[in-house]
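[1] My questions are about this predicted structure, shown below with the sequence.
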Amino acid sequence: MTTRSARRVPVAQRLEHVALELFAAQGFDETTVDELAVAGGVGRRTFFRYFPTKLDVVLGELDEGLAGLVVSLADQDGDDPVAAARAAFLAVNRYADAELPALRRRLGLIEEVPELAARATVRYRDWESAVAADAARRWGDDPGSLRAQVFGRAVVASMRAVFSAWHGRADADGAVLGVLVEEAFDQLGRGFATR
């Protein structure tokens with residue numbers, strides 16, 4: 001099983017780890033880029049080579065996840081976008097037990113820090129577009145069609161709800177996350193069955 005951190009550049013992974021620790025201890029707004037760089041054992045310029053802004057330390061994984069999602073969607077066969085999206089979201093949301101504390105911190109920050117929540121919403125649009133484009137291709141439809149757009153937005157909103165529900169269960173592990181993804185797609189499948 002390939003997990004998210006297995007695909008991360010070691011320096012970026014270290015910087016994310018120390019940043020999430022510092023944000024948890026000091027608060028997001030109270031933590032400076034200089035503190036993040038020092039804690040990560042790099043200079044300020046090196047920090048900015050990996051992360052254009054402090055926000056990107058938290059949100060950068062959304063971009064990486066999107067790239068993985070696009071590849072995973074393309075790997076799925078068939079004309080059922082619900083089945084394809086289910087398989088793709090399960091594939092890109094595999095986390096090793098050691099990765100779960102960082103995931104919890106990241107989700108907490110996105111939900112609690114207004115600037116992070118706003119920037120995450122902008123990034124989620126790209127996820128919606130990717131899911132809509134894949135569904136449209138499977139349906140032989142236009143990616144801008146209402147059906148494809150509703151599907152893309154519904155899927156991403158559902159996954160956001162899954163992560164919120166998972167984050168709210170302090171004892172939930174990676175297996176529970178997979179079960180919640182499956183449950184969400186069971187619900188979506190009833191509403192977006194192939195014609």
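    Received the coordinates, thanks.

[2] sec struct for the residue most central in space within the chain, please.
    The residue lying closest to the centre of the chain (Cα atoms, centre = their mean) is L62, at 4.3 Å. The assignment at L62 comes out as helix when based on DSSP: H, G, I helix; E, B strand; the rest coil.

[3] Please list all residues in contact with V58.
    Counting by Cβ atoms under 8 Å, 6 or more residues apart in numbering, V58 makes contact with A19, L20, F23, F28, R106, L109, I110, L116. For every residue, glycine as well, the C-beta is placed using N, CA and C.

[4] can you list those in CSV and add distance to F151, neighbour count and pLDDT?
    What follows is the contacts of V58, written out as CSV (distance: Cβ to Cβ, whole Å; neighbours: other Cβ atoms under 10 Å; pLDDT from 0 to 100):
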residue, distance to F151, neighbour count, pLDDT
A19, 34, 28, 95
L20, 32, 21, 94
F23, 34, 23, 95
F28, 33, 19, 96
R106, 26, 24, 93
L109, 29, 22, 94
I110, 23, 20, 94
L116, 26, 20, 95
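
[5] Okay, now the unreliable bits of this structure?
    Low-confidence segments of the chain (pLDDT under 70): 1-8, 192-195.

[6] hmm, try it at 80
    1-9, 191-195 (pLDDT under 80).

[7] now the helices: where do they sit in it?
    10-26, 33-40, 44-50, 54-75, 81-92, 100-112, 114-139, 146-167, 174-191 (DSSP state H).

[8] Go through those helices and pick out the most buried.
    helix 81-92 (a mean of 21; mean count of other Cβ atoms under 10 Å).

[9] Can you list the neighbours in contact with stretch 144-160?
    Residues contacting stretch 144-160 (Cβ under 8 Å, 6+ apart): 81, 85, 89, 124, 127-133, 135-136, 139, 141-142, 181, 184-185, 187-188, 191-192.

[10] how about 7 Å then?
    81, 85, 89, 124, 127-129, 131-132, 135-136, 141, 184, 188, 192 (Cβ atoms under 7 Å, 6 or more residues apart in numbering).

[11] give me phi/psi at G43?
    phi -80, psi 170 (degrees, to the nearest 10).

[12] Next up, the contacts around it.
    With Cβ under 7 Å, 6+ apart, G43 has these contacts: A37.

[13] Repeat that for the one 4 residues further on.
    When contacts are counted by Cβ under 7 Å, 6+ apart, F47 touches L15, V33, L36, A37, G40.

[14] my guess is the first one meets G40, correct?
    Okay, so that is L15. Yes: applying Cβ atoms under 7 Å, one finds L15 in contact with G40, separated by 4.2 Å.
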